[in-house]
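> sequence and predicted structure, then a few things I'm wondering about:
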Amino acid sequence: MDTITADTKHHISSKTDQYQHHDYYQIDELLSEDHLLARDAVRDWVKKEISPIIESYSEKAECPQHLYKGLAEIGAFGPSLPIEYGGGGMDEIAYGIIMQELERGDSGIRSMASVQGSLVMYPIYRFGSEEQKQKYLPKLGSGEYIGCFGLTEPDHGSNPSGMTTSFVEDGDDIILNGAKMWITNSPVADIAVVWAKGPDGAIKGIIVEKGMEGFSAPEIHGKWSLRASITGELVFEDVRVPKSNILPNVSGLKGPLSCLSKARYGIAWGAIGAALDCYDSALRYTKEREQFGKALAGFQLTQKKLAEMITEITKAQLMVWRLGTLANKGKATPAQISMAKRNSCHMALNVAREARQMHGGMGITNEYPIMRHMMNLETVLTYEGTHDIHLLITGMDVTGINAFK
Amino acid sequence: MNLLVCISKTPETTAKIGFTDGDSKFNEEGVQFIMNPYDEWYALVRAIELKESVGGKVVAINVGPASNDVVIRKALAIGADEAVRINAQPQSAMTTAKYIADYAKEGNFDIVFLGKETIDYNGSEVGSMLAEYLDLPFFSYASKLEMDGSKAIITRDVEGGQETAEYTGSFVLSAAKGLAEQRIPNMRGIMMAKRKPLNVIEPTITEDLSVVVKYELPEAKSGVKMLDADDMDELVRLLHEEAKVI
C-alpha cells in the first residue's frame, strides 16, 4: 500500500498530540547531547508521522507500511550498529531512547523497528560473513529490504530448543523444512533469519529470501493487540537455500538468544514509552475533567493513582538507564536484561490499566491512546520471553537452580 | 553561496513562565529549551536547501552560554556545516545583533538568515539591527525565497496580501512560516554533527543602552459563570457591570 491509498482510506486525526516530557528525577542530566537530540528527533517524528494515523490503522488492523521507509530515514533500524553496515553508530542508551519514543507512539511500530534492527540486522552483523553483511545490511538499514526473524514454532514457544524446523545438506545447498509462528513483519519481509536444526542437531541461522520455492509467509489475522504491526507464519516446504546463506559464525541456541537479549533490552526501554503516554494522558485528562465541582486530579484516589504511576515509571527509567550504562560496557547480562524487560512491561500494563479507569468511559474509545496501548502491552508482556519465563530466569540466576522443567 | 543562520534558544512552547530577581529575569528552573522554531523550521532549512541546490556553506551562529551547545548541535544535525557560538549571555536585541554583526562582517556572507521573531520575547528586532550594523538591506517576514542566478526573489507577507521584491547582492532576511518545511534530524545526522566544527568565540565589547526592569504575567482568566436560564436580569447586569460589553 502506498501513502496515497493510505491517505484516502485512513482517517487522519486532526487532534494534536499534546504529549509532554516527564522526567521526575532529572534523568536527562545523565544523558549525553546525542541522546537528547535523538529523543527529540524521534519524538517529533512520532508526533508528525504516527500520532495522526495510528488509531485508524490500529482500528482497521492494517500495517502502515509506508512507515518502514520513514523509520529507516530517521535512523531507527539498528541505531547501535556501525554506520558502514547500515546502522547509526550510536550507543546502547541511544538505541533504548529511540525505542522508548517509538513505543510512546505505538508498541506495534516499535516492534517493526526492533525486529529489523535487533533480530535481523544484528545477527547478520554479529554472525554473518563479510559477504552477507555487505549484501544485506545496507539495504536493511535503508529500508529497501524488510526483514523478519523465525525462532518460535507452533509447538515451541518458551522452549525454543525443542524446535523441529530442520535442514539436510544437498551439495552446495540445504533443504529446509518446518514452520515458524508469530513472526513480526513476515508477510511483507524480503528476507527471514530462520533458526533451524542441521543434520548434527546444532541450531544454525539461515537467511531465507522471499521468492525461494516452497517458502511462504501467510498473515495471522484476528489479533486484538499490535494491530498496526503485521504478523505471520513462515512455512518451509523443501526450500532449497544455498549454503552461503547460513550464518557461519554461530552454532547453537546462543545465536538466537543473543539476538533476543538485544531485542529485550530495547523492549525494556520501549514499554516505558507506552507507560509515559498513558500517564501523560491521564494527568492531562484528570486535571481538565471536573466532577462534583472540581478537577478529578484534586481527589485523593486520583492522586494516589497518578503518584504511583510516576513513581513506578521513574523506577523503571532508572533501571533501564543503569542497564544501558552496563550494556555500553558490554557488561549487561541476559538475566539483568530479563529483569528489566519483565519489570518495564508489567509496570506499563499496570499503568495503562489504571489510566484506562481514570479516563472513565472516554478511556475505551480511540479518542485517547490508552486502550490501544493497553491491548498492545498484552503482547509486549508475552513476546520475547513471557512475564513468567523472565521471572524464572531471575530465579535461576539467583539460586543457581533450573526450575524450567 | 556562503550562508549565515542566526539561531536562538527559546523555552519549549508549553513551559511554565515565571520570573526571579524581583520579576526582572525569566526563571529558567525546570524549563525545557528548544531551538526557536522560526529559526529552525524556516530560516535554517531554507539556507540548507539553497546550499544543496547551488553549493556553498551554511554556518549557524548563536549568542549564549555553553548550555546552548545542544541546540547548536541540532542545527548541525539538521544540516548546517559548521557553527559558531559567541560566548555571552544574551542581554538585549542590540547587543546580540552587534556581536553577530562583528562576526558576520569578516565572513563575506551572501545571505544572513534569522527567524522573524523568537517565540519567547517576540522582539523581532535583531534582524533590522543586524542589517543596520552590516549596512545591508533587510527583508523581513519572508515566506518565499528563490534564487535566479545571482538575483534573489523574495516574497513577503504583508497585511492582506503579498509583496515580491528582487535584489542582487548580500542581504539580511527574516523567515516567516512558509519559507521552508521542518526537517527532523536523523540519527546519522546527529552522529555526523559531532564531527562538525563548533567554534566558540568571545564577544566584542558593547554597552547596552536599555535594561529590563520588570516582567508581568497577564492576569489569570476567570472561569465561566453559569447562570440560571430564567435569570435574564442578572445576565444583563453582569454583562453590563462585570464584563462591561453592553
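Sure, I can see it. Owing to the predicted nature of the structure, the values given are computational and were not obtained by experimental measurement.
> is the helix or strand that contains A:Thr325 in proximity to chain B?
Counting by DSSP states H and E, the secondary-structure element that holds A:Thr325 is helix A:300-328. No: in terms of Cβ under 8 Å from any Cβ of the partner chain, no part of helix A:300-328 sits within range of chain B; the closest distance is 15.1 Å. (Glycine included, C-beta is placed from N, CA and C.)
> in that helix, which residues are buried?
A:302, A:305-306, A:309-310, A:312-314, A:316-317, A:319-321, A:323-324, A:327 (16 or more other Cβ atoms under 10 Å in any protein chain shown).
> summarise which helices and strands it is packed against.
Here helix A:300-328 touches helix A:92-105, helix A:254-288, helix A:334-358, going by 3 or more Cβ pairs under 8 Å, 6 or more residues apart in numbering or on different chains; DSSP states H and E.
> winner for burial among those helices?
Per-stretch averages of neighbours, counted by mean count of other Cβ atoms under 10 Å in any protein chain shown, single out helix A:92-105 among those, with a mean of 28.
> distance from the chain centre to the helix holding A:Thr325, please.
Going by Cα atoms, centre = their mean, to the nearest Å, the spacing between the C-alpha centre of helix A:300-328 and its chain's C-alpha centre is 19 Å.
> ok, how many other residues are close to the residue in chain B that chain A sits nearest to?
Across chain B, no residue is closer to chain A than B:Met187, which sits at 2.7 Å (Cβ to the nearest Cβ). The local packing of B:Met187 (other Cβ atoms under 10 Å in any protein chain shown) involves 29 other residues.
> got the contact list for the nearest residue to it once chain neighbours are set aside?
In space, and not counting its chain neighbours, B:Met187 is closest to A:Gly75: 2.7 Å by Cβ to Cβ, 6 or more residues apart in numbering or on different chains. When contacts are counted by Cβ atoms under 8 Å, 6 or more residues apart in numbering or on different chains, A:Gly75 is found next to A:88, A:98, B:186-188, B:190.
> tell me which two in those residues are the farthest apart.
The largest distance within these, taken as Cβ to Cβ, falls between A:Ile98 and B:Arg188 and amounts to 12.6 Å.
> is it correct that A:Gly87 falls within a strand?
No: remark: A:Gly87 does not belong to a strand; assigned using DSSP: H, G, I helix; E, B strand; the rest coil, it is coil.
> so how far is A:Ile98 from it?
Using Cβ to Cβ, to the nearest Å, one gets 12 Å for the distance from A:Gly87 to A:Ile98.
> same thing with A:Asn177?
37 Å.
> got it, and A:Ala189?
To A:Ile98, A:Ala189 is 21 Å away according to Cβ to Cβ.
> excluding chain neighbours, what is closest to residue 101?
Here I'm looking at chain A. A:Val42 (3.8 Å).
> not quite, go with chain B.
The shortest distance from B:Ala101 to any non-neighbouring residue, by Cβ to Cβ, 6+ apart, is to B:Tyr133 (3.5 Å).
> A:Ala268 now?
Computed as Cβ to Cβ, 6+ apart, the closest residue to A:Ala268 that is not its neighbour in sequence is A:Ala340, at 3.8 Å.
> residue 173 - how many residues pack around it?
All of this refers to chain A. When neighbours are defined as other Cβ under 10 Å, A:Asp173 has 16 of them.
> that's the wrong chain, I wanted chain B
By other Cβ under 10 Å, 28 other residues sit near B:Leu173.
> one more: the one 3 residues further on?
In terms of burial, B:Ala176 registers 20 neighbours under the definition other Cβ under 10 Å.
> would you confirm that it contacts B:Lys116?
Yes: counting by Cβ atoms under 8 Å, B:Ala176 sits close enough to B:Lys116 to count as a contact (4.8 Å).
> who touches both of these two?
Overlap between the neighbourhoods of B:Ala176 and B:Lys116 consists of B:38, B:141, taking contacts as Cβ under 8 Å, 6+ apart.
> please give me every residue in contact with the residue nearest to A:Pro369 when sequence neighbours are not counted.
Distances taken as Cβ to Cβ, 6+ apart place A:Asp277 nearest to A:Pro369, at 5.7 Å, with adjacent residues excluded. Remark: with contacts taken as Cβ under 8 Å, 6+ apart, A:Asp277 is in contact with A:19, A:104-105, A:369, A:373.
> so where do the helices sit in the chain?
Picking chain A for this. Here chain A has its helices, by DSSP state H, at A:3-9, A:33-45, A:54-60, A:66-74, A:92-105, A:107-114, A:122-127, A:130-141, A:254-288, A:300-328, A:334-358, A:370-382, A:387-399.
> looking at chain B here, not the other one
With DSSP H, the ranges of helices along chain B come out as B:37, B:45-54, B:69-78, B:93-107, B:126-134, B:187-193, B:232-241.
> which parts of chain B sit against chain A?
With the criterion set to Cβ under 8 Å from any Cβ, chain B comes near chain A through B:12, B:14, B:32, B:34, B:69-70, B:73-74, B:77, B:182, B:184-188, B:190-191, B:193-194.
> what's the longest strand in chain B?
As far as residue count goes, and with DSSP state E defining each element, the longest strand of chain B is strand B:138-148.
> which regions of chain A sit below the pLDDT cut-off?
Within chain A, the ranges that satisfy pLDDT under 70 run A:1-8.
> for the closest residue to A:Lys15 other than its chain neighbours, give its distance to A:Gly361.
Here the nearest residue to A:Lys15 in space, its sequence neighbours aside, is A:Glu367; by Cβ to Cβ, 6+ apart that works out to 7.7 Å. When Cβ to Cβ is the yardstick, A:Glu367 and A:Gly361 sit 10 Å from each other.
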